[in-house]
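> below are the sequence and a predicted model for it; my questions follow.
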Number of protein chains: 2
Amino acid sequence: MHTIMHLQEAIPKGEFKMIDLLSLDKNSSTHLYIQLAQQLKKLIKEEKIAPHTKLPPIRKLAQKLDINNVTVVKAYDLLAAENTVYKKVGSGTFVAPKLEVDNESPHLDEEVYIDEDSKFDQQIINFATAAPSPELFPVQTFKKLLNKVLDRDKGYAFGYQKSQGYLPLRESISNYLQNYEIQSTAQNIQIVSGAQQGIDILAKTFLDYGDSVLVEEPSYPGALSVFKAKGAQLIEVPIEKDGIKIAELEKKLNKSKPKFLYLMPNFQNPTGYSYSKKKMEKILDLAAEYNLLIIEDDCLNDLNYSSKPTLPLKALDNSSSVIYLKSFSKVFMPGLRLAFLIIPPEYLEDILLSKYISDIFTDGLVQRVLDLYFRQEIWTEQLDYLQQTYQHRYEVMVKSLKNHLPKEVSFITPQGGLNIWLKLPDTLTMEQLYNRALGAGVKIATGDLFYSQQPCQNRIRLSFAAVEAQQIKNGIEKLAKIIKDLLTKNNDILPPL
Amino acid sequence: MHTIMHLQEAIPKGEFKMIDLLSLDKNSSTHLYIQLAQQLKKLIKEEKIAPHTKLPPIRKLAQKLDINNVTVVKAYDLLAAENTVYKKVGSGTFVAPKLEVDNESPHLDEEVYIDEDSKFDQQIINFATAAPSPELFPVQTFKKLLNKVLDRDKGYAFGYQKSQGYLPLRESISNYLQNYEIQSTAQNIQIVSGAQQGIDILAKTFLDYGDSVLVEEPSYPGALSVFKAKGAQLIEVPIEKDGIKIAELEKKLNKSKPKFLYLMPNFQNPTGYSYSKKKMEKILDLAAEYNLLIIEDDCLNDLNYSSKPTLPLKALDNSSSVIYLKSFSKVFMPGLRLAFLIIPPEYLEDILLSKYISDIFTDGLVQRVLDLYFRQEIWTEQLDYLQQTYQHRYEVMVKSLKNHLPKEVSFITPQGGLNIWLKLPDTLTMEQLYNRALGAGVKIATGDLFYSQQPCQNRIRLSFAAVEAQQIKNGIEKLAKIIKDLLTKNNDILPPL
């Protein structure tokens, strides 16, 4: 008595014929959405649907199959969770390319959740990720120090750790911070499992549902997601090449009582902009005046390619307005989850509690290894090596952009970091550019990822963290050609996606 | 023109004379609370105030120094954050004992935040912590596999990982779960950075401010803290030796719409109780009837010392009611933050997002090492070894308790796990017992830690995870003697604290 639904109608434009191949059994004990997901997966596995093919729009498929929209949504979600398909906000759901069995090794995107398709990055020139390529990092040194720690500490290297972090490491960090002109003690430092956890812990400590938070516009999506997930209202202050607009900040401080201001004062993500000392001082004055807490995210400060020294905001903070957050992902080992906070005394205990309920403590083994990097002074060596490698990539990218981009595209050359932020003419749509570039094997991050409210249609971020110098040159040439083509509307000569 | 406040008056009873030694400068640029903290710290360092001395009550000290209560609170908080003092809920603030410079190695308590004094556990017999002693774990094997992973995967072992977790490990776990009669696939598994993060991620996914959550009474304080921090209302269902009271659960389901029920069906923490199959089935029936989500925390299931096999609730779950959480802390390496969730498909994507905003991904190196434990079948070997070690400790503790406890104290012998839950006569106060035991070098966990609402005055939890067999015997003998002494009111013959 099973009702088998066969579907004869093909979708117009020949975009897909897969609906013909689907057949759901409403009386089966298997949920309809699981049936649908299984059948789509089979078609994809058997290559009856090609990689990057767009799946039918939800409503259309639901109608054709005589099922609820929700059933289709759930089936697509399931496939997305399995990475069989990927989603593009506003565009729909697409078939993911075939993967090797072990797809873990290549550099996954820092915005991995947003870019679910990042897993096939290995074949393409990936300017979308700011996550460094693993082959950059000196594994032998790490291995040597790791074994040293194991021989020295034995089982204690695996024991339960203090929630605040391994004391010798906190001391090492505290000493090292003198290089940034930051005064701190081990007592003011909280070790966290990466910058993302640092942000999450601060949100947990300070935000309740409905609170407001000041953020740079544009800003790092991983932070914006955390604040939004806490139910916070984001108040955006536009950033210029020397920092956020002060008048705008002041206006917003007069109108609302934000819980904190989240900033990246050096080589900001995504823009690469750095704050002038004057703006930093003005912001600290406003912080004192309005009793405003500032969270300074300083993950890229070490990657300075100019002769001008960088100064963290925290170095100028005399009135305990700033909580400082620094990750080691870009300069130690990207996959090891390790970062730290410098915390004014009055917040220490609340933040410790938030850390405790988040994951009790951060892996002690890795903390001990990093501590040895500092104590054996290998740290500076590694930093120099990475700095030079990134600087070479940076120079190649800047030069390639200057040589190949059409005059309609502009950018401000950053003095450091891993990203360059391009402004494109309004006549281009970023989605079109993204798709064309991907079709040509070049992946970019479109600007809308970095804005929480208004869509930003004419920006892209290019990162050189994961691309070798020669590939950067190739990639930029390809990208520049696509932009020129799109600008001159020579769309006909481009190969179809 | 500085106003120096000298304080002559000593506090009655000679409880402390330290107030005489304090002198605050109200016109200094240093905050008063920092001055106060610094001066107290100096006195403690110079041993002018002895370890375990109670600091003056907040209001009293504030009055004597002519400062705000808040200033004293902040000073004490600062000292507590530095571990110069420790707090005991309801009792006040106490001077911490002197510490070695590297105080990181000994087994810190899983409830480290609650037990801030746990750092001096090294000198005492610690029945308060359920965190295993590091020396239990075979470090050489771990080291061998770690080096294997580094040689095999090189930099990729440190690369950015998938938020969902390293695929081969998820496959290994999925295979291994057949031992528990749990059907799963790698797609249903989410790797998390320890059980605490698992709980935090689930709270993030399912709880909004004001939601209600069903919990066992008593339950694991780390979970209760997370739910409370999310602003959830806890609805407690008392647990009996075969599981929570079903009638009570049903009554509460009729009255409210909780977001989920958090359970530990095997060797529950703190009680050690295990659910009968009948109760498990009844709970699953209720879950289906009331559309109730269940979170099963199964960290101790492997430590079964009886001949009766244990069955996770998840093994009986045919209607996707249960999210299963399992930590490796007790049986792999305690300090490595690694646990996993088994998730019904409909929740996969939301939980992945919560994981992503929590810390993007869990350290890939450790995931790879654990995967090798499974693939090289070392896992079962390690489990057997630990199981036997714990079982020996368990048997010694049960025997010692039976031999030495007075008849007024009762307990139900658990069939596994790491804890024994004692019921004491109402005539005893737990705080008195705690202090007497600590004075004699034995640390216990008092029952109130495990209750979110009503104070529970006549329970203690004894863990044998961190104490060697011979020490267990000594500790229980001491504890039994103290209990007997307190019961017979022979307080006079006890040494003063």
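Sure thing, it's come through. Residues are numbered from 1 along each chain as shown, chains lettered A, B, ... in the order given.
> buried set for the longest strand seen in chain A?
Of all the segments assigned as strand in chain A under DSSP state E, the longest by residue count is strand A:233-240. Of the residues in strand A:233-240, those buried by neighbour count under the rule 16 or more other Cβ atoms under 10 Å in any protein chain shown are A:234-237, A:239. Heads up, the C-betas are built off the backbone N, CA and C, glycines and all.
> pLDDT for the residues you listed - can I get that in a markdown table?
Written out in a markdown table, the entries for those read as follows (pLDDT from 0 to 100):
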| residue | pLDDT |
| --- | --- |
| A:234 | 96 |
| A:235 | 97 |
| A:236 | 96 |
| A:237 | 97 |
| A:239 | 96 |
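> what segments of the stretch 101-250 of chain A are helices?
Counting by DSSP state H, counting those that start in this stretch, the stretch 101-250 of chain A has helices at residues A:139-153, A:167-176, A:195-206, A:221-229, A:246-255.
> Throw those helices into a markdown table and include mean pLDDT, thanks.
Compiled in a markdown table, the helices of the stretch 101-250 of chain A are given as follows (pLDDT from 0 to 100):
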| stretch | mean pLDDT |
| --- | --- |
| helix A:139-153 | 93 |
| helix A:167-176 | 96 |
| helix A:195-206 | 97 |
| helix A:221-229 | 94 |
| helix A:246-255 | 98 |
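> so which of the buried residues of strand A:233-240 is the closest to chain B?
Nearest to chain B, judged by Cβ to the nearest Cβ, of the buried residues of strand A:233-240 is residue A:234 at 14.4 Å.
> only C-alpha atoms, please: export stretch A:322-331 in PDB.
Only the C-alpha atoms of stretch A:322-331 are listed here, as PDB (Å, rounded to 0.1, in the frame of the first residue of the first chain):
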ATOM      1  CA  VAL A 322      41.300  47.500  27.900                       C
ATOM      2  CA  ILE A 323      41.000  43.700  27.900                       C
ATOM      3  CA  TYR A 324      43.700  42.400  25.500                       C
ATOM      4  CA  LEU A 325      43.300  39.200  23.500                       C
ATOM      5  CA  LYS A 326      46.100  37.600  21.500                       C
ATOM      6  CA  SER A 327      46.100  34.400  19.600                       C
ATOM      7  CA  PHE A 328      49.100  32.300  18.700                       C
ATOM      8  CA  SER A 329      47.400  30.700  15.600                       C
ATOM      9  CA  LYS A 330      49.100  32.800  13.000                       C
ATOM     10  CA  VAL A 331      52.600  32.600  14.500                       C
END
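> thinking again about what came up before, which of the helices of the stretch 101-250 of chain A sits most buried?
helix A:195-206 (a mean of 26; mean count of other Cβ atoms under 10 Å in any protein chain shown).
> touching that one from outside, list them.
Residues external to helix A:195-206 that are found in contact with it (Cβ atoms under 8 Å, 6 or more residues apart in numbering or on different chains): A:190, A:192, A:222-223, A:226-227, A:229-230, A:232, A:259-260, A:262, A:293, A:295, A:297, A:299, A:323, A:325-327, A:329, A:337, A:339-341, A:347, A:350-351, A:353-355, A:357-359, B:229, B:356-360.
> go again using 6 Å as the cut-off
A:192, A:222-223, A:226, A:230, A:259-260, A:295, A:299, A:325, A:327, A:339, A:341, A:350-351, A:354-355, A:358, B:358-360 (Cβ atoms under 6 Å, 6 or more residues apart in numbering or on different chains).
> and the angle from that helix to helix B:221-229?
Between helix A:195-206 and helix B:221-229, the angle comes out at 60 degrees (axes from the mean of the first three to the mean of the last three Cα atoms, to 10 degrees).
> filter the buried residues of strand A:233-240 down to the ones close to chain B.
Counting by Cβ under 6 Å from any Cβ of the partner chain, nothing from the buried residues of strand A:233-240 sits close to chain B.
> just give me the closest of the residues you listed to residue B:286.
Looking at these and their distance to residue B:286, the nearest is residue A:234, at 40.8 Å (Cβ to Cβ).
> before we move on, what SS does the spatially closest residue to the closest one that is not a sequence neighbour have?
Nearest residue to residue A:234 in three dimensions, chain neighbours excluded: residue A:452, at 4.7 Å (Cβ to Cβ, 6 or more residues apart in numbering or on different chains). For residue A:452, the reduced secondary structure class is coil; criterion used: DSSP: H, G, I helix; E, B strand; the rest coil.
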